[in-house]
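1. quick one: sequence plus predicted model below, questions after.
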Amino acid sequence: MSQIRSFATLILAIALSAQNSIAQTPARDPSARLREVLPADVAQRVLARIADARARQLPAEALENRALKFAAKGVDPKNIERSVNEQAARMETARAALAVGRKSTPAGDEIEAGAEAMRKGVDGASVSLLAKSAPSGRSLAVPLFVIGSLTDHGLSSADALQRVLARLRARASDTDLESMPADLPAQGAAGQANRPASTGRDFGQSHKPASAGRPATAGPPGGIPGNAGAKSNPGQSKRPPRKN
């Protein structure tokens, strides 16, 4: 019996040792991963930009993930560097806009969401208005992400902002807000023509034709008849008029 207890104790000790070893193993450093997937000179500049963002209390991890995501999609390293720089600048602008509206230090996820909304065409004044008008203490991360998603569905940024504000004033939950893009009627896509052609596109989507983001219910592109050019009675349009 004592031998069985000793063996059980040994097994337990081995298991606990393995758990401690796993718990103490650090997660793989994103900086090391970026050095692996980017050319040395680009990686050095991207990492310096990320370090600068971290020193400025910006959500630097979001920039790391952005660079890794684009690298996994095979985006040109120079374009990855440009994207990281532009997103970091938007984060600075978003943080300032949020602080103006709420007079408090925004959280990292709010800054990230604000930068994404700005990438999709929402201006700083709209971000400030949301921060000022939203219920006190309410996180703005989900509302900002939803505003950006609504613009992807064709609404103007002003219309998207007002719709989200109306839901916030009605004390809608984050789950309710997240359902808004799916609830958008098809005619809401009519505002798509008012958005800049390059707004809201990631590099991973740059190879798609311009019509790739159009809703499935939308009609054909401008200049093409609704029947895609097919004639209901072939040859009739060219047939000379019948003489009496």
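-> Cool, got the structure.
2. helices and strands of the chain: which one has the lowest mean pLDDT?
-> Averaged element by element with mean pLDDT, DSSP states H and E, the chain has its least confident helix or strand at helix 2-24 (a mean of 52).
3. quick check on residue 61: phi, psi?
-> With angles defined as degrees, to the nearest 10, residue 61 sits at phi -60, psi -30.
4. what's around it, how many residues?
-> When neighbours are counted by other C-beta atoms under 10 Å, residue 61 registers 14. Placement of C-beta: from N, CA and C, glycine included.
5. going forward, begin numbering at 207 instead of 1
-> Understood, numbering begins at 207; the last thing we discussed is residue 267.
6. my guess is it meets residue 236, correct?
-> Yes. Between residue 267 and residue 236 a contact is recorded at 7.5 Å, counting by C-beta atoms under 8 Å.
7. just give me the longest helix of this structure.
-> For the chain, the helix with the greatest residue count under DSSP state H is helix 283-308.
8. please enumerate the helices of the chain.
-> Along the chain, the segments classed as helices by DSSP H run 208-230, 236-243, 246-261, 266-278, 283-308, 314-325, 330-339, 347-358, 363-375, 380-384, 386-389.
9. residues in contact with the shortest one?
-> If you take C-beta atoms under 8 Å, 6 or more residues apart in numbering as the criterion, helix 386-389 is touched by 352, 355, 356, 358, 359, 369, 370, 373.
10. now for the residues you listed: which two are most distant?
-> Across the contacts of helix 386-389, the longest distance by C-beta to C-beta is 17.5 Å; it joins 358 and 373.
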